[in-house]
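In: Pasting a predicted model and its sequence here:
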Amino acid sequence: MNQLTIPIIFYIFAAITVLSAAFVVFSKNVIYSAFSLLFTFFGVAALYVFLSADFIAVTQVVVYVGGILVLLLFGVMFTNTIMQTELKADVLHIVPGVLLTLVLIGGLLLAFYNASAAGQWMPGMMQLQGSVVERIGFETMSRYMLPFEMVSIVLLVALLGAAFLARYDKAHKKEH
Amino acid sequence: MLTEQLLSIGLNHFLTISAILFGLGMFAVMTRKNAIVILMGVELILNAANINFLTFSKYNGGMEGVMFALFVIVLAAAEAAVALAIVINIFKTFKTVDVSRVDTMKE
């Protein structure tokens, strides 16, 4: 019973992730894609919990679902106000695209399975166990101090740049 | 043998999911016309990369992958904000977000 429950839960979340990602990609309606992306992000967060990265899972839910998805939905609403009927998004060259995707996935899986069957990727002696929050705190304040500060500055500059780019430009409008 | 492999969740299971997510994201970037859906494909690709980082970090026992995944999430947020601002500007200029019809660099 206990031996079987964890694989079953894993496969349920894996199926949710992959199927909703496929729906994001193949759906004709942009709104459906955006809402399907919600399930993908939650499924990926659940997979992070399986990888004993609980802090990353919570960050995933807060940043992706709370921030990026809302931003994308805002973009969908904003760019479709004028052409209400044209909410659909076409697909360009679907057959070569599907072929290339299958080749890509097949090649990646072949490389992964060969490397792990040849014993190049043996699991280490010490795997991550339990909660990882405390170790993230230690690493952030010691080894990863400079990347941490740099990424905060990058985030600040990117948000300022985004606000500047998306600003409503009156002078631009007057020319036309 | 096969059922045993299916029941013991290991490295290959997570790598398979990440490869499928990467392929789907790549499909969206290559074939979809709507710029917003292309952004969604980029997010899928970043998520696939994050799954790989965390998988190798877990089975290696080190913290490098976890820290890198954290930085990837922060940079994905910055990227989404800037890309959406660019898409909004494209929409203002061309009155469409169809990337196959955006073919000039000046107005």
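Out: That came through fine.
In: can you tell me how far the spatially closest residue to B:F27 that is not a sequence neighbour sits from B:M30?
Out: Nearest non-adjacent residue to B:F27, counting by Cβ to Cβ, 6 or more residues apart in numbering or on different chains: A:T101, 4.3 Å away. Any C-beta I mention is one placed from the backbone N, CA and C, and that applies to glycine too. Separation of A:T101 from B:M30 (Cβ to Cβ, to the nearest Å): 8 Å.
In: Check B:R101 too.
Out: In terms of Cβ to Cβ, B:R101 sits 17 Å off from B:M30.
In: neighbour-wise, which of these two wins?
Out: B:M30 (18 against 10; other Cβ atoms under 10 Å in any protein chain shown).
In: And the pLDDT for the more buried one?
Out: On pLDDT, B:M30 comes in at 89.
In: Helix, strand, or coil at it?
Out: helix (DSSP: H, G, I helix; E, B strand; the rest coil).
In: ok, it touching A:L99?
Out: No: in this structure, B:M30 is not within contact of A:L99 by Cβ atoms under 8 Å, at 10.8 Å.
In: Low-confidence bits of the chain, can you list those?
Out: By default, I'm working from chain A. Counting by pLDDT under 70, chain A contains low-confidence ranges at A:1-2, A:81-92, A:168-176.
In: could you do chain B instead?
Out: For chain B, the ranges with pLDDT under 70 are B:1, B:107.
In: Can you show me the helices along chain B?
Out: Secondary structure of chain B by DSSP state H: the helices cover B:2-7, B:11-31, B:35-60, B:64-94.
In: how is chain A carved up into domains?
Out: Per automatic domain parsing, the domain ranges recorded for chain A read A:1-85, A:131-168.
In: quick check, the last one touching chain B?
Out: Yes: Domain A:131-168 is in contact with chain B by Cβ under 8 Å from any Cβ of the partner chain, via A:132, A:135-136, A:139-140, A:143-144, A:147, A:151, A:154-155, A:158-159, A:161-166.
In: So which of the residues you listed sit within helices?
Out: Those of those lying in helices (DSSP H): A:135-136, A:139-140, A:147, A:151, A:154-155, A:158-159, A:161-165.
In: just to revisit the earlier point, give the buried residues for the host helix or strand of the residue nearest to B:F27.
Out: Under the criterion of DSSP states H and E, A:T101 resides in helix A:94-117. Residues A:97-98, A:100-101, A:104-105, A:108-109, A:112, A:116 are the ones in helix A:94-117 that count as buried (16 or more other Cβ atoms under 10 Å in any protein chain shown).
In: of these, closest to B:L44?
Out: When the buried residues of helix A:94-117 are ranked by distance to B:L44 (Cβ to Cβ), A:T101 comes first, at 11.9 Å.
In: Check the spacing between the residue positioned nearest the centre of chain A and chain B real quick.
Out: In chain A, the residue lying closest to the centroid (Cα atoms, centre = their mean) is A:F41, at 6.0 Å. Remark: distance between A:F41 and chain B (Cβ to the nearest Cβ, to the nearest Å) = 7 Å.
In: Most widely separated two among the buried residues of helix A:94-117?
Out: A:G97 and A:S116 (28.7 Å).
In: sorry, back to before: what's near enough to touch the residue nearest to the centre of chain A?
Out: A:F41 makes contact with A:60-61, A:64-65, A:69, B:47, according to Cβ atoms under 8 Å, 6 or more residues apart in numbering or on different chains.
In: Closest one of the residues you listed to A:Y11?
Out: For these, the nearest to A:Y11 is B:N47 (18.5 Å; Cβ to Cβ).
In: Spatially nearest residue to that closest one, not counting backbone neighbours?
Out: That would be A:V44: by Cβ to Cβ, 6+ apart, it lies 5.0 Å from B:N47.
In: residues contacting the closest residue to B:F22 other than its chain neighbours?
Out: Leaving aside its sequence neighbours, B:F22 sits nearest to B:A48 (Cβ to Cβ, 6+ apart; 3.9 Å). For B:A48, the contact set (Cβ under 8 Å, 6+ apart) comprises B:18-19, B:21-22, B:25.
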